[in-house]
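K.L.:
Next one to model:
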Amino acid sequence: MKSNAAAAEISQPYAQALLSIAQSQNSTEEIGTDARTFLGLLTGSQELNNFLANPFVKPENKKNLLKQLLGEGVSPYLRNFLLLLVDRRRIAFSEPILQQYLVLLRQLNQTVLAEITSAVPLTESQQQAITEKVITLTKAAKVELATKIDSDLIGGVIIKVGSQVIDASLRGQLRRLSLRLSSN
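P.N.:
Presented below is the predicted three-dimensional model:
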């Protein structure tokens, strides 16, 4: 099992190297888009994670699978980078490396990540309103939204930007009301 400290220590230099390559080729956004796609594959398939992390699977088999998965549509720089991770026995850390790349890319573009948790899917206008509110609060140039659904919220949203959390959910309001009532 990978520890968070080891993953952080390994992911930073590799993510920095990938960003340097992307900047030298003027393809930071293209690689970012492809990295998000690959991360979606990793989070959607535990079998893929297990296969890539398995030390008993031959590196050539991992490389062949990656080439099939990525195809020709993905940036050749990202494909070669992932193949290099296989060679260096670091492919099990591809998720934290690519997550760190996206963090560095957001810093480069003066973009903040707003994690939105809602009880129901948000409409386009609701997402736009949240984006505008986050820009006002953070003074960032752009906002990237990461949304997820949590039916336990009952209604409303929870917005997390960095370490700041805005709980505008019905569950949060009920909890605050309960605390006020119990303190009296």
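
K.L.:
Secondary structure element holding Gln23?
P.N.:
helix 4-24 (DSSP states H and E).

K.L.:
Give the other helices and strands that whichever helix or strand comes after that helix contacts.
P.N.:
Next helix or strand after helix 4-24 toward the C-terminus (DSSP H and E): helix 28-44. Here helix 28-44 touches helix 4-24, helix 46-53, helix 59-70, helix 76-87, helix 94-108, going by 3 or more CB pairs under 8 Å, 6 or more residues apart in numbering; DSSP states H and E. The C-beta positions use only the backbone N, C-alpha and C, and glycine is treated the same way.

K.L.:
quick check: angle from the shortest one to helix 76-87?
P.N.:
In this case it means helix 46-53. Helix 46-53 runs at 60 degrees relative to helix 76-87, counting by axes from the mean of the first three to the mean of the last three CA atoms, to 10 degrees.

K.L.:
related to what we said a few turns ago, tell me which of the helices and strands packed on helix 28-44 lies nearest to Gln173.
P.N.:
helix 94-108 (30.6 Å; CB to CB).

K.L.:
ok and that closest one relative to helix 46-53, angle-wise?
P.N.:
Using the same axes, to 10 degrees: helix 94-108 against helix 46-53 is 100 degrees.

K.L.:
Now tabulate the helices and strands packed on helix 28-44 in CSV and tack on mean neighbour count.
P.N.:
Compiled in CSV, these are given as follows (neighbours: other CB atoms under 10 Å):
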stretch, mean neighbour count
helix 4-24, 16
helix 46-53, 14
helix 59-70, 14
helix 76-87, 18
helix 94-108, 19
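
K.L.:
Got the domain ranges for this protein?
P.N.:
Listed domain ranges for the chain are 1-107, 111-182 (source: the TED database).

K.L.:
In this protein, where is pLDDT below threshold?
P.N.:
1-3, 184 (pLDDT under 70).

K.L.:
Helix 28-44 and the helix or strand that contains Ala146, what's the angle between them?
P.N.:
With secondary structure defined by DSSP H and E, Ala146 is part of strand 142-149. Angle, strand 142-149 to helix 28-44, by the same axes, to 10 degrees: 10 degrees.

K.L.:
Strand 142-149 pairs with which strands, and in what direction?
P.N.:
strand 111-118 (parallel) (DSSP bridges).

K.L.:
Which SSE is immediately downstream of the partner strand?
P.N.:
On the C-terminal side of strand 111-118, the closest following helix or strand by DSSP H and E is helix 124-138.
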